[in-house]
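[1] Dropping the sequence and predicted coords here.
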Amino acid sequence: MRYIFEPEKLHQIAAGAVGMNKDEVVAYLERELAKAYPGHIHPHQDWVFSLFCSCTGMLKILHASLTEYVILFGTPLGTKGFSGRYKIEIWDAMISGEMWTAMIDRPFHKEIYRPGDLAYLPKGKVKAWGVSEDGWMLEYGRGLIPTALPVGVGDSVFSAMDPVTLLKTLWIYGKVTVKEMLKGKL
């Protein structure tokens, strides 16, 4: 698969937002990502709730395709739960707050990621994770993205039973993905 986004470049851009006012973060990320990846960032998308694996946050889709996504994710309240097991790789560049993770092979060890740090979840791996109050991150996923959708929207279907959040998420993801496909981007 051909990928256009680079985790380290996204990390550098996200690090530039550390310490900014939250309203400035969105405009900064949309502007800087659009400069770095012309034609592949879709600014001004609506925020949607993200309900997955007992976690609740909010996300803004900045890029979506069949093979990659870039979102701004976080919560002013804090949340924690299960990462989910994916057939994709995921990087999280922390902008504010903290993210905590624990892996099953190290049950007594907690990793702490702070603003400016980059966390990585390899394909097929899982972790317990949480994000503090006012925890925000730029998240990048790479692989066959539709395989992650059942986990990404599962709580909207089975626990919250919220068709509005489900349909809004799928609408924005689908709309942006089709725009990318029309440009030849899978």
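    Done, it's in. Numbering: from 1, shown residues only.

[2] Closest to the centroid, which residue in this protein?
    For the chain, Glu139 is the residue whose C-alpha lies nearest the centre (C-alpha atoms, centre = their mean; 3.4 Å).

[3] any weak-confidence spans in this protein?
    Along the chain, segments meeting pLDDT under 70 span 1.

[4] Where do the helices of it begin and end?
    Remark: helices assigned in the chain by DSSP state H are 7-15, 22-36, 149-158, 163-182.

[5] residues in contact with the residue of the chain most remote from its centre?
    Note on the chain: the largest C-alpha distance from the chain mean falls to Phe108, namely 26.4 Å (C-alpha atoms, centre = their mean). Contact partners of Phe108, counting by C-beta atoms under 8 Å, 6 or more residues apart in numbering, are absent. Where C-beta positions appear, they are placed from N, C-alpha and C, glycine not excepted.

[6] From Lys60, how far out is it?
    35 Å (C-beta to C-beta, to the nearest Å).

[7] same thing with Phe158?
    Distance, Phe158 to Lys60, by C-beta to C-beta: 24 Å.

[8] Looking at the two, which is more packed in?
    Taking neighbours as other C-beta atoms under 10 Å, Phe158 and Lys60 compare with Lys60 leading, 21 against 9.

[9] what residues are up against the more buried one?
    Per C-beta under 8 Å, 6+ apart, neighbours of Lys60: Val26, Gln45, Asp46, Trp47, Val48, Ile71, Leu72.

[10] And Asp162, by the same measure?
    Asp162 makes contact with Phe49, Leu51, Ser156 under the criterion C-beta under 8 Å, 6+ apart.

[11] Need the nearest residue in space to Glu30, chain neighbours excluded.
    Pro43 (4.0 Å; C-beta to C-beta, 6 or more residues apart in numbering).

[12] Let me know whether the one you found touches Tyr37 as I believe.
    No: between Pro43 and Tyr37 there is no contact under C-beta atoms under 8 Å: 11.8 Å.

[13] Between those two, which is the more surrounded one?
    Neighbour comparison, Pro43 and Tyr37: the larger count goes to Tyr37, with 18 against 13 (by other C-beta under 10 Å).

[14] show me the contacts for that one.
    Contacts of Tyr37 by C-beta under 8 Å, 6+ apart are Ile4, Phe5, His63.

[15] repeat for Glu111
    Contacts of Glu111 were listed using C-beta under 8 Å, 6+ apart, and they are Trp100, Thr101, Ala102, Met103, Ala119.

[16] How much space separates it from Arg85?
    Look at Glu111 and Arg85: by C-beta to C-beta, they are 18 Å apart.

[17] hmm, back to that, may I ask which of the contacts of Tyr37 has the most neighbours?
    His63 (23 neighbours).
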